[in-house]
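>>> Structure for this input, please:
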Amino acid sequence: MNCKQGDLAVIVRSLAGNEGKIVRCLRLIPQTPWAIQPGPRWIVDRTLPGVTFDCDSVPDAFLRPLRDSDGEDEMLRMLGRPVGARQAA
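Below you'll find the model as predicted:
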């Protein structure tokens, strides 16, 4: 799972051109065998244009959470701080 309930998230993939839109994840729908993109989906806080109709849910696989990183970005978490790097004051 990419997101948790209450997360703000950016849509990183969309079949209807919704990439870059920010949504809040309200409630998880664990399985959606009826959807174009099966798997877990989040009910979100806004209605988005869809391929065939507007919808208020997004597949978890299409979302990336926007969370506080405690002063470190994703690259620093993956690779660590450069040796000899100065700390920002």
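>>> which residue ranges form the strands in the protein?
Taking DSSP state E as the criterion, the chain carries its strands at 8-11, 22-29, 41-48, 55-59, 63-66.
>>> List the contacts of residue 35.
Listed by C-beta atoms under 8 Å, 6 or more residues apart in numbering, the contact set of residue 35 reads 41, 59. Heads up, the C-betas are built off the backbone N, CA and C, glycines and all.
>>> now residue 48
Counting by C-beta under 8 Å, 6+ apart, residue 48 makes contact with 11, 16, 18, 21, 23, 54, 55, 56, 58.
>>> now it: how far from residue 42?
For residue 48, the distance to residue 42 equals 11 Å [C-beta to C-beta, to the nearest Å].
>>> any residues in contact with both of the two?
23, 58.
>>> now, which of the contacts of residue 48 sits nearest residue 5?
Closest approach to residue 5 among the contacts of residue 48 (C-beta to C-beta): residue 23, at 12.6 Å.
>>> so what's that closest one closest to, chain neighbours aside?
Leaving aside its sequence neighbours, residue 23 sits nearest to residue 44 (C-beta to C-beta, 6 or more residues apart in numbering; 3.9 Å).
>>> check contacts around that neighbour.
23, 24, 25, 26, 56, 57, 58.
>>> tally of neighbours for the second one?
Put plainly, it is residue 24. Counted with other C-beta atoms under 10 Å, the neighbours of residue 24 add up to 16.
>>> Any idea what it is bridged to?
residue 8 (DSSP bridges).
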